[in-house]
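**Student:** Attaching a predicted model along with its sequence, questions to come.
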Amino acid sequence: MARSSSGIVAGLTAAAVATVGFLAYRAQASVPPSLSGAHGAKASSPAPAPTKAPRDKLRPAALPGGSGTGERVVYSVDDDRVWLVDASGRVENTFKVTPGSVDPLPGTYAVTSRSKAVTGTDGLPVEHVVRFTSVNGVVIGFSAAVPGQGGSAPGPDTTVKTGGIRESRTDGEAMWMFATIGQKVVVIR
């Protein structure tokens with residue numbers, strides 16, 4: 001009797017694995033073109049970008065040249081700064097950020113997912129999460145830390161690799177309103 005039970009379990013397990021594989025294939029095949037990279041923005045591998053965009057030495061917060069065209073989020077890994085740029089090329093907002101321990105590669109991406117409120121990989125509650133890529137399994141995105149109820153938030157877990165690019169709550173709200181699914185994100189040095 002034990003042999004026939006283990007054979008049934010093995011059969012059910014094989015069927016479950018095959019079903020999951022089939023569903024994963026179907027999910028991948030049904031990704032909208034705007035998220036699949038058909039329009040030049042990719043979630044997992046960046047388009048080539050210059051190694052260092054030129055800067056205006058007199059105005060360090062000015063949008064760097066060579067940071068793309070059209071409506072986009074520009075994130076400078078070296079300057080820890082974000083620019084929200086409208087379709088005409090005008091900067092709507094710019095602000096400093098605090099990067100996680102894992103940086104995205106320079107290139108062009110698209111916003112792939114958003115969450116209003118979650119717990120970050122460092123254990124802190126975060127809001128206005130806007131994700132656009134991953135590096136070696138670490139998800140990269142913008143977010144704002146939420147202060148704890150009745151006190152300050154606990155200290156972050158520094159042993160975990162994090163891809164959260166932290167903004168103030170005000171800047172997180174601006175990012176949330178600007179960077180919807182499919183929005184172009186240009187990462188520069």
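**Tutor:** In hand now; what should we look at? Numbers count the residues shown, from 1 in each chain.
**Student:** Please count neighbours and contacts with C-alpha atoms only from this point.
**Tutor:** Will do.
**Student:** Check whether residue 107 really touches residue 184, as I assumed.
**Tutor:** No. With contact defined as C-alpha atoms under 8 Å, residue 107 and residue 184 do not form a contacting pair (10.4 Å).
**Student:** The two: who's more crowded?
**Tutor:** Comparing residue 107 with residue 184 by neighbour count (other C-alpha atoms under 10 Å), the higher total belongs to residue 184, at 24 against 21.
**Student:** My read is that the more buried one contacts residue 75, right?
**Tutor:** No. With contact defined as C-alpha under 8 Å, residue 184 does not reach residue 75; the gap is 10.9 Å.
**Student:** List the buried residues of the longest strand anywhere in the chain.
**Tutor:** In the chain, assigned by DSSP state E, the strand with the most residues is strand 125-135. Of all the residues in strand 125-135, those buried under the rule 16 or more other C-alpha atoms under 10 Å are 125-134.
**Student:** could you give me the average pLDDT of the helix or strand just after that strand?
**Tutor:** On the C-terminal side of strand 125-135, the closest following helix or strand by DSSP states H and E is strand 138-145. For strand 138-145, mean pLDDT is 96.
**Student:** Please enumerate residues in contact with strand 138-145?
**Tutor:** Strand 138-145 is contacted from outside by 102-104, 124-134, 161-169, 171-172, 175, using C-alpha atoms under 8 Å, 6 or more residues apart in numbering.
**Student:** next one: stretch 72-85
**Tutor:** Counting by C-alpha under 8 Å, 6+ apart, 61, 63, 67, 70-71, 86-87, 91-99, 103-104, 175, 178-179, 183-189 sit against stretch 72-85.
**Student:** Of the residues you listed, just the buried ones, PyMOL syntax please.
**Tutor:** Selection of the buried residues among the contacts of stretch 72-85 in PyMOL, burial being defined by 16+ other C-alpha under 10 Å:
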select buried, resi 61+63+67+71+86+91+94+96+97+98+99+103+104+175+178+179+183+184+185+186+187+188+189
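**Student:** Give me the subset of the contacts of stretch 72-85 that lies in strands.
**Tutor:** Using DSSP E, those in strands are 91-96, 184-188.
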